[in-house]
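just the structure for this:
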Amino acid sequence: MEAFWAITLSAILISRALRPKKPPQDELSRNTVKARWDRKRIKADKLKQQADAARKAERERQKRQDAEELITVIMPTIQNDGK
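Below you'll find the model as predicted:
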């Protein structure tokens with residue numbers, strides 16, 4: 001009977017030693033539904049910020065272009081009035 005328990009305990013200890021280690025806690029948290037949702041939300045926020053920045057840059061470019069066109073129209077008029 002003692003041999004049975006010795007073999008059983010040895011088998012349990014060996015199986016526990018051979019079992020794969022648990023991944024670190026941060027690895028476990030990477031795969032939770034909330035973590036995946038947060039990563040998607042962060043990615044969407046970055047894309048939205050990039051789109052907003054692109055729209056703002058386009059508006060600024062359009063304002064500069066309009067100002068340049070206005071200057072090209074007004075400058076000859078000012079120069080002609082001065083003569």
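
what about A35, how many neighbours?
Neighbour count of A35, defined by other CB atoms under 10 Å: 13. All C-beta atoms are positioned from the backbone trio N, CA, C, and that covers glycine.

elements contacting the helix or strand hosting it?
Assessed by DSSP states H and E, A35 sits inside helix 33-82. Packed against helix 33-82, as judged by 3 or more CB pairs under 8 Å, 6 or more residues apart in numbering; DSSP states H and E, are no other helices or strands.

quick one: average pLDDT of it?
In this model, helix 33-82 carries a mean pLDDT of 89.

check stretch 3-10 too.
Across stretch 3-10, pLDDT averages out at 90.

and that stretch, which residues are buried?
Within stretch 3-10, no residue counts as buried by 16 or more other CB atoms under 10 Å.

helix, strand or coil: sort out K22 for me.
coil (DSSP: H, G, I helix; E, B strand; the rest coil).

mind listing what L13 touches?
L13 makes no contacts at all, as judged by CB atoms under 8 Å, 6 or more residues apart in numbering.

let me know the pLDDT of it.
We have a pLDDT of 87 for L13.
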